[in-house]
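Q: this one's structure only:
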């Protein structure tokens with residue numbers, strides 16, 4: 001069931017780094033490199049590092065239904081609502097679209113139960129601006145310079161950045177909308193319909209400050225906003241993912257193109273493993289892939305569970321066979337019902 005043991009262990013043959021005997025040692029030096037999706041401190045966004053990000057985008061292969069639904073959403077300038085179980089490639093689709101169409105990096109908006117529309121549009125740091133004004137007032141009049149630049153305290157969110165006027169659209173990934181508060185889907189309707197939103201803090205400025213350069217969520221520089229109004233010229237490619245944990249209002253659904261993604265096949269899983277861990281790992285883990293498919297046909301499992309199990313079995317240090325089987329069982333524990341954490 002498990003790949004061949006090609007990994008090294010410690011001098012005493014023990015695969016473990018932490019031993020639990022309270023004896024200090026330098027075993028951490030034997031720790032293998034982290035999985036690609038757990039590498040920190042490198043260039044690139046958090047969204048690009050996560051499973052389903054840029055690496056899988058390159059090897060992603062969409063079936064005919066996915067291709068048809070994406071093109072329908074593109075032509076209609078409508079959001080694509082992608083529903084499926086965890087680990088089926090819903091988020092990957094957004095990165096694949098941006099990669100194939102040579103668009104700028106994906107704008108990523110993760111949704112929680114506390115997310116509100118305003119967070120996606122923009123953030124105004126009023127406290128920071130008040131603090132700077134207070135500092136300016138404490139400086140002698142002869143030393144004071146200029147006025148407070150309000151644009152330094154306004155940062156467009158993922159949705160706000162996606163709606164900026166541009167010739168080519170940005171890809172916006174709204175991830176796991178089904179986790180949101182009940183009002184958020186309806187709150188998105190007007191923005192999607194109008195392709196427009198306003199920033200009241202800028203609308204109230206005098207005429208001589210009609211154009212203000214604000215910051216964007218991707219940190220690519222400041223962009224001008226005229227009279228506090230943001231109008232899109234190319235409607236963004238909006239990918240909304242859902243694990244199917246709740247129903248959405250009919251008014252929201254009729255404004256989306258809907259796509260249901262089925263769990264990946266054995267061939268697709270092998271491609272995913274190859275993209276993340278290399279061809280050797282994909283070949284060596286054929287039994288694990290089949291075991292995963294058998295389990296996932298009966299219970300809910302996510303693809304990242306399979307990748308974690310394969311990495312443990314093929315990385316720098318590897319547990320003994322019996323121990324590895326137990327750990328693989330723990331990693332690939334079902335996400336639903338009995339046995340789920």
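A: All right, it came through fine. Note that the structure is a prediction, hence the values are computed from the model and not measured.

Q: Would you mind checking which helix or strand in this protein has the lowest mean pLDDT?
A: Counting by mean pLDDT, DSSP states H and E, the chain has its least confident helix or strand at helix 46-49, which shows a mean of 50.

Q: how close does the nearest residue to residue 336 once chain neighbours are set aside sit to residue 18?
A: Spatial nearest neighbour of residue 336, excluding adjacent residues (C-beta to C-beta, 6 or more residues apart in numbering): residue 300 at 4.1 Å. Yep, even glycine has a C-beta here, placed from its N, CA and C like the rest. Using C-beta to C-beta, to the nearest Å, residue 300 is found at 30 Å from residue 18.

Q: Please say which of those two ends up with more neighbours.
A: More crowded of residue 300 and residue 18, by other C-beta atoms under 10 Å: residue 300, with 16 against 9.

Q: That one is in contact with residue 263, isn't it?
A: No. Between residue 300 and residue 263 there is no contact under C-beta atoms under 8 Å: 9.7 Å.

Q: where does the stretch 151-300 of the chain dip in pLDDT?
A: For the stretch 151-300 of the chain, no stretch has pLDDT under 70.

Q: mind listing the strands for it?
A: For the stretch 151-300 of the chain, applying DSSP state E, counting those that start in this stretch gives strands covering 154-156, 171-175, 196-198, 211-214, 223-226, 229-231, 237-242, 257-260.

Q: I'd like those strands as JSON lines, with distance to residue 82 and mean neighbour count appended.
A: Shown next, in JSON lines, are the strands of the stretch 151-300 of the chain (distance: least, C-beta to C-beta, whole Å; neighbours: other C-beta atoms under 10 Å):
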{"stretch": "strand 154-156", "distance to residue 82": "24", "mean neighbour count": "23"}
{"stretch": "strand 171-175", "distance to residue 82": "10", "mean neighbour count": "24"}
{"stretch": "strand 196-198", "distance to residue 82": "24", "mean neighbour count": "16"}
{"stretch": "strand 211-214", "distance to residue 82": "30", "mean neighbour count": "18"}
{"stretch": "strand 223-226", "distance to residue 82": "29", "mean neighbour count": "16"}
{"stretch": "strand 229-231", "distance to residue 82": "26", "mean neighbour count": "17"}
{"stretch": "strand 237-242", "distance to residue 82": "5", "mean neighbour count": "26"}
{"stretch": "strand 257-260", "distance to residue 82": "5", "mean neighbour count": "18"}
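
Q: surely residue 199 meets residue 122?
A: Yes. Using C-beta under 8 Å, residue 199 is in contact with residue 122, at 5.9 Å.

Q: what do these two both touch?
A: Residues touching both residue 199 and residue 122 (C-beta atoms under 8 Å, 6 or more residues apart in numbering): 154, 214.

Q: And the strands of the stretch 151-300 of the chain: which comes nearest residue 105?
A: Checking these against residue 105 by C-beta to C-beta gives strand 171-175 as the closest, at 8.3 Å.

Q: Could you check the angle that closest one makes with strand 237-242?
A: 10 degrees (axes from the mean of the first three to the mean of the last three C-alpha atoms, to 10 degrees).

Q: Pairing partners for strand 171-175, with directions?
A: Strand 171-175 has the following strand partners under DSSP bridges: strand 107-110 (parallel), strand 237-242 (parallel).

Q: Measure how far that strand is from the centre of its chain, please.
A: For strand 171-175, the separation from the chain centroid amounts to 8 Å (computed by C-alpha atoms, centre = their mean, to the nearest Å).

Q: what's in contact with that strand?
A: Identification of contacts with strand 171-175 by C-beta under 8 Å, 6+ apart yields 47, 79, 91, 94-95, 97-98, 103-104, 106-111, 120, 158-159, 162, 236-241.
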